[in-house]
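K.L.:
next come a sequence and a model predicted from it.
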Amino acid sequence: MRFHLAKATLFSFLFAAGLTAQAGVTQTFSAAGNDAAAIQGTVDQFRSVLGTNNAAGAPAASGRREINWDGVPAQFLDPLPPDFFNKNSTRGLVMSTTGSRFKVSGDQGTASFRFADVTDQGWGPTELGTFSPQKLFAPMGSNATDITFFVPGTAQPANVTAFGAVFSDVDLSDSSWMELYDPLGRKISSVPVPAAGVAALGVSFVGVVTDEPVARVRLVSGNAPLDSRCFSSSSDAVALDDFIYSEPIASRELVLSKGRIRATIEWRSQYNGQSGNAFALPQKDEFGYLYFSDPNNPEVFVKCLDFGSGKAIILVGGVTDFWYKITFKNSRGETLVWEKQSGSLSGYANNNDLSF
Ligand SMILES: [Ca+2]
């Protein structure tokens, strides 16, 4: 809901400036209008880039997931459990907020229809439009939602490479945006959400496709919490509708030294013959862990030191007596391989063998 109109021109300019290409971003989708039909084409383009809708199905190698809030059962509407869409409905998405809770609105005929019960003087049904009727979503006591990803239905951390969201009732072009972060917390992209115009029930969509792993998405919906009871003259309170994102996938590649060195591991147990490819748990640009099956119990610690000589010093330490083979690859595709035999706990340090 908007309480001030005069700044629209300035914010339109800022919005245009914010659309310049950003590193790692391969495609940006953006649309806004008076109703769902106004953004339908852009949303469908974004969907087609991501591929098949895996709904709440088993982990997949590709495709997309969607959350439209419409099927959330009444007992989970308020508060909505932050892990509802990984636990109750397995879509690999968990949320957090600095506000008091998350809330999903009710259907027509209920007290929380379009957030009538938490908006000041019940303005929600007048202003908040849907892309997918009838339910909407919003953090309470905050305008920010932080989203992390897991292999659907598991506790295994995962990344996406695309994320999009529908925003409801964006009146000001600088009130709402979407930020994408890599596994080390570095910002990949920040995209402003276009205002939907003066008409009531307007909706906006932004979607981003990247060639970098996205571990966290922050959605800033408006410049005041939706349940604010005390607005200033330039407040813009906003709700959210559909989330659309690529299949969350656990990384099997530990990326080090600003992407110049990438480590992968094959492992095998001498006890039961089990084998596999390890998963990555990045920690800092210089080091990280790899684990075989449990993200809370990593097996191998890898460090990559850059003294500016153009060569990487690589150090490996393990706390497993399984056999494993670690392969380092530089940005030119050259590789360095070290194999640890079963039954030992030995580590490895190279002699500047692999240049950047
Ligand atoms: Ca909906």
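P.N.:
Received it, and whenever you're ready, just let me know what you need.
K.L.:
may I have the phi/psi pair for L50?
P.N.:
L50 adopts backbone torsions of phi -80, psi -30, taken as degrees, to the nearest 10.
K.L.:
okay, it: pLDDT?
P.N.:
L50 carries a pLDDT value of 98.
K.L.:
please apply the same query to G259.
P.N.:
86.
K.L.:
and A263, how far is that from Q45?
P.N.:
Distance, A263 to Q45, by CB to CB, to the nearest Å: 36 Å. Placement of C-beta: from N, CA and C, glycine included.
K.L.:
neighbour count winner among the two?
P.N.:
A263 (23 against 13; other CB atoms under 10 Å).
K.L.:
for the ion, see how far away the closest residue to K87 other than its chain neighbours is.
P.N.:
Here the nearest residue to K87 in space, its sequence neighbours aside, is P81; by CB to CB, 6 or more residues apart in numbering that works out to 7.2 Å. Separation of P81 from the ion (CB to the ion, to the nearest Å): 18 Å.
K.L.:
assign a three-state SS to P81, would you?
P.N.:
Following DSSP: H, G, I helix; E, B strand; the rest coil, P81 is assigned to coil.
K.L.:
heads up, I number from 43, so please use that
P.N.:
Okay, using 43 as the starting number, the last item reads as P123.
K.L.:
my guess is it contacts N130, does it?
P.N.:
Yes - counting by CB atoms under 8 Å, N130 is a contact partner of P123 at 7.2 Å.
K.L.:
can I get stretch 155-170 as CSV, trimmed to CA atoms?
P.N.:
Output of stretch 155-170 as CSV, limited to C-alpha atoms (Å, rounded to 0.1, in the frame of the first residue of the first chain):
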residue,chain,number,x,y,z
PHE,A,155,-8.3,-13.2,3.5
ARG,A,156,-5.5,-11.2,1.8
PHE,A,157,-4.2,-10.3,5.2
ALA,A,158,-7.3,-8.3,6.3
ASP,A,159,-6.5,-9.3,9.9
VAL,A,160,-3.0,-7.8,10.1
THR,A,161,-3.1,-4.8,7.7
ASP,A,162,-4.0,-1.4,9.1
GLN,A,163,-7.7,-0.9,9.1
GLY,A,164,-7.9,-4.1,7.0
TRP,A,165,-6.5,-2.6,3.7
GLY,A,166,-5.2,-5.9,2.5
PRO,A,167,-8.2,-7.2,0.4
THR,A,168,-8.5,-3.8,-1.3
GLU,A,169,-4.8,-3.6,-2.4
LEU,A,170,-3.2,-7.0,-2.4
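K.L.:
outside of that stretch itself, list whatever touches it.
P.N.:
43, 145, 147-149, 153-154, 172, 176, 178, 180, 182, 210-211, 242-243, 268-273, 279, 281 (CB atoms under 8 Å, 6 or more residues apart in numbering).
K.L.:
going through these, which ones are buried?
P.N.:
Among the contacts of stretch 155-170, the ones that count as buried by 16 or more other CB atoms under 10 Å are 43, 145, 147-148, 154, 172, 178, 180, 182, 210-211, 243, 268-270, 273, 279, 281.
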